[in-house]
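> Below: sequence and its predicted model.
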Amino acid sequence: MEQDKKKIGLANLTMMIFTCVFGFANTTVAYDQMGYASIIWYILAALFFFLPSSLMFAEYGSALKSAKGGIYSWLKVSIGEKMAFIGTFIWLCSWVVWMVSTAAKVWIPMSAFFFGSDKTQSWNFFGLTSTQFVGILAILWMIFVTYMGSRGVDKIAKVGAVGGTFVMILSGVFIVASLIIWICNHGAMMQPIHGLHSFVASPNPQFQSGVAVVSFMVYAVFAYGGMESMGGVMDSVEKPEKTFPRALMIGMIVITVLYALMIFMWGMSTNWERVLGKENVNLGNISYALMNNVGLVLGSSLGLSHATAVLLGNLLTRFTGLAMWLAYIGSFFVMVYSPIKSFIMGSDPRLWPAKMTKLNKHDMPAFAMWMQAIVICVIIFAVSFGGSAAQQFYLILTDMSNVATSAPYLFLVGAFPFFKKIKDLDRPFVFFKTQRAANWVSAIVWLVVAIGIIFTCLQPILDHDYQTAFWTVFGPIFFGLVAWAFYANAQKRGFKPTKQQK
């Protein structure tokens with residue numbers, strides 16, 4: 001009876017899937033990049049990436065629940081130690097690039113909370129441009145968090161839960177405010193709908209070519225990322241063979257409908273050209289600009305004075321800033337040590353330089369964390385001092401993050417057919433009943449992710465924006481080469497892979 005009580009039921013598992021995947025900011029970025037046209041891409045990503053890949057991760061997690069190392073163990077069993085090490089290193093890259101991006105973006109919600117708007121673009125101090133100054137702040141932030149994290153000070157990570165709660169409240173406030181605006185305006189949309197064309201063509205001039213439009217698939221894949229972390233809870237799920245598919249289907253429908261609904265609702269308050277076509281709006285401050293506009297339009301729709309409408313917009317901006325700031329801080333204090341520690345502790349220590357595997361008295365891989373911090377600081381410095389204006393700076397960070405997050409799925413999805421071929425595995429949860437089904441579904445999902453990545457990397461090259469193109473592909477390639485060098489060096493020292501215990 002005690003064990004039954006500890007099992008995760010349908011409702012709790014559905015909520016876990018929702019909180020793991022859904023992101024408020026994904027709707028603002030989607031509306032900024034593609035307008036209403038992003039809705040169809042989010043639906044396609046749900047059907048051709050989120051649903052099938054989640055079922056694959058559930059099979060991995062349930063069959064290899066006792067194996068340490070997470071996705072490293074999944075890949076090692078399926079495609080061998082070398083490809084597992086390289087694939088997981090690229091997965092680590094996704095978190096490193098996330099920290100590069102977030103270390104720069106964390107100052108925007110702070111500014112929004114304290115000043116009621118994004119003031120970072122006016123921070124021209126000590127002869128530095130605003131982008132360079134934010135880069136210096138990001139480097140100092142990275143050093144501070146690494147120092148605190150290496151000393152085991154991770155209690156501040158709990159503020160992330162408060163921030164997450166605030167973001168959920170923010171989503172509710174936005175939906176209610178949008179409906180009030182829509183009703184007050186008698187169903188009129190601030191972003192006009194011109195038939196089917198509005199749902200297939202982007203108002204953003206940067207997303208007019210076929211290559212640019214297809215490249216948006218990476219944004220959609222990013223919006224559904226994170227389900228690989230759910231594979232490890234399969235052994236705690238009540239009747240996983242029935243509960244997980246049901247929870248997944250419910251979660252997928254709720255998340256997809258909510259994404260589509262919220263993207264559509266942005267059109268109730270925001271005219272793309274008037275609000276998002278401005279030079280001072282970028283992918284770093286888009287959420288705060290949009291919520292400020294919601295407050296202004298809400299006040300105007302209710303017949304309030306202009307000063308009151310401005311105050312309402314200011315309050316929503318500050319609340320959005322506080323919610324996102326707390327969420328960023330909480331996540332940062334976990335991500336600075338968790339991915340690299342779990343990878344190092346879960347993989348064969350002989351693959352790493354000796355210093356990388358040592359834990360300090362706080363049970364943290366301090367040397368590895370500082371090496372990680374150096375890499376992050378160098379990338380931040382190079383991007384922020386590369387001459388980019390704020391708009392391009394945050395576009396580079398977003399593209400870097402999207403590609404780096406999507407790349408590990410090529411390994412996880414590509415390895416799945418090999419995983420299905422293994423005979424001597426206890427498989428408590430099986431969705432793909434035949435090898436042929438596993439092969440076909442894996443091939444389709446792999447192509448969806450690969451095409452999105454290729455087109456995202458190709459678009460800036462076609463636009464002759466070689467700086468963005470370089471940084472977009474830099475992360476996975478650099479980390480893949482480092483992983484290959486580590487593995488080759490271990491082989492020279494006489495390393496031989498050991499068989500993975502299942």
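Yep, it's here.

> neighbours around F113, how many?
F113 has 19 neighbouring residues, counting by other Cβ atoms under 10 Å. Bear in mind the C-beta positions are built from the backbone N, C-alpha and C, glycine included.

> Shouldn't it be within a helix?
Yes - looking at F113 with DSSP: H, G, I helix; E, B strand; the rest coil, it is inside a helix.

> Could you name the specific helix or strand carrying the residue nearest to it when sequence neighbours are not counted?
Once flanking residues are discounted, F113 sits nearest to G321: 3.5 Å by Cβ to Cβ, 6 or more residues apart in numbering. Following DSSP states H and E, one finds G321 within helix 306-335.

> and that helix, average pLDDT?
What helix 306-335 shows for mean pLDDT is 88.

> how much space between S202 and A212?
According to Cβ to Cβ, to the nearest Å, S202 and A212 sit 8 Å apart.

> buried residues in the helix holding G321?
Applying a neighbour-count criterion of 16 or more other Cβ atoms under 10 Å, one finds 309-314, 316-333, 335 buried in helix 306-335.

> Looking at this structure, which helix is longest?
Longest helix in the chain by number of residues, with DSSP state H as the criterion: helix 390-421.

> got the buried residues for it?
For helix 390-421, the neighbour count (16+ other Cβ under 10 Å) marks 390-420 as buried.

> Same check on stretch 165-185?
For stretch 165-185, by 16+ other Cβ under 10 Å, it's 166-167, 170-171, 173-174, 177-178, 180-182.

> So which of these belong to strands?
Using DSSP state E, no member of these falls in strands.

> residue ranges with poor pLDDT in the stretch 51-200 of the chain?
Within the stretch 51-200 of the chain, the stretches with pLDDT under 70 are 66-69, 153-161.

> swap in the stretch 351-500 of the chain?
Residues of the stretch 351-500 of the chain meeting the criterion pLDDT under 70: 387-390, 498-500.

> Let's see that with 80 instead.
Scanning the stretch 351-500 of the chain for pLDDT under 80 picks out 387-393, 494-500.

> tell me the contacts of the closest residue to T308 other than its chain neighbours?
Residue nearest to T308 in three dimensions, not counting chain neighbours: G299, with 5.5 Å by Cβ to Cβ, 6+ apart. G299 makes contacts with 305-306, 308-313, as judged by Cβ atoms under 8 Å, 6 or more residues apart in numbering.

> And F174, by the same measure?
F174 makes contact with 24, 262, 265, 291, 294, according to Cβ under 8 Å, 6+ apart.

> How about A223?
Counting by Cβ under 8 Å, 6+ apart, A223 has contacts 21, 23, 26, 30, 42, 45, 259.

> same thing but 7 Å
Applying Cβ atoms under 7 Å, 6 or more residues apart in numbering, we find A223 in contact with 23, 26, 42, 45, 259.

> Equivalent analysis for V297, please.
Contacts of V297 (Cβ under 7 Å, 6+ apart): 181, 190, 269.

> Quick check: pLDDT value at it.
94.

> next one: the one 3 residues further on
Predicted confidence (pLDDT) for S300: 93.

> go on, M1?
pLDDT at M1 comes out at 40.

> And for the one 5 residues further on?
Predicted confidence (pLDDT) at K6: the value is 67.

> What of K502?
Looking at K502, its pLDDT reads 48.

> re earlier: which members of the contacts of F174 are positioned in helices?
Short answer: the contacts of F174 in helices (DSSP H) are 24, 262, 265, 291, 294.

> right, and the last one touches N314 too?
Spelled out, that is V294. No - V294 is not in contact with N314 according to Cβ atoms under 7 Å; the separation is 11.7 Å.

> picking up where we left off before, which ones are touching the residue nearest to F113?
Here G321 is in contact with 109-110, 112-113, 288 (criterion: Cβ under 7 Å, 6+ apart).

> again, 6 Å this time
109, 112-113 (Cβ atoms under 6 Å, 6 or more residues apart in numbering).

> Closest one of those residues to K82?
Sorting those by distance to K82 puts P109 at the head of the list, at 41.0 Å, by Cβ to Cβ.

> Check which helix or strand that closest one maps to.
Following DSSP H and E, one finds P109 within helix 107-115.

> For that helix, which residues meet the burial criterion?
Those would be 107-113, for helix 107-115 by 16+ other Cβ under 10 Å.

> can you list those in JSON lines and add distance to W98?
Rendered in JSON lines, the data for those read as follows (distance: Cβ to Cβ, whole Å):
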{"residue": "W107", "distance to W98": "16"}
{"residue": "I108", "distance to W98": "16"}
{"residue": "P109", "distance to W98": "16"}
{"residue": "M110", "distance to W98": "18"}
{"residue": "S111", "distance to W98": "20"}
{"residue": "A112", "distance to W98": "20"}
{"residue": "F113", "distance to W98": "21"}
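
> So for this protein, the centremost residue is which one?
F222 (5.2 Å; Cα atoms, centre = their mean).

> where's it relative to Q33, distance?
F222 sits 11 Å away from Q33, going by Cβ to Cβ.

> and what of F411?
To Q33, F411 is 27 Å away according to Cβ to Cβ.

> again with N282
12 Å.

> Measure how buried the closest residue in space to L315 that isn't next to it in sequence is and give me the count.
Of all residues not flanking L315 in the chain, G295 sits nearest, at 6.6 Å (Cβ to Cβ, 6+ apart). Using other Cβ under 10 Å, the number of residues around G295 comes to 24.

> list the contacts for G295?
Going by Cβ under 6 Å, 6+ apart, G295 touches 312-313, 316.

> which other helices and strands contact the helix or strand where R436 lies?
Using DSSP H and E, R436 falls within helix 435-462. Here helix 435-462 touches helix 51-63, helix 210-215, helix 217-223, helix 390-421, helix 466-492, going by 3 or more Cβ pairs under 6 Å, 6 or more residues apart in numbering; DSSP states H and E.
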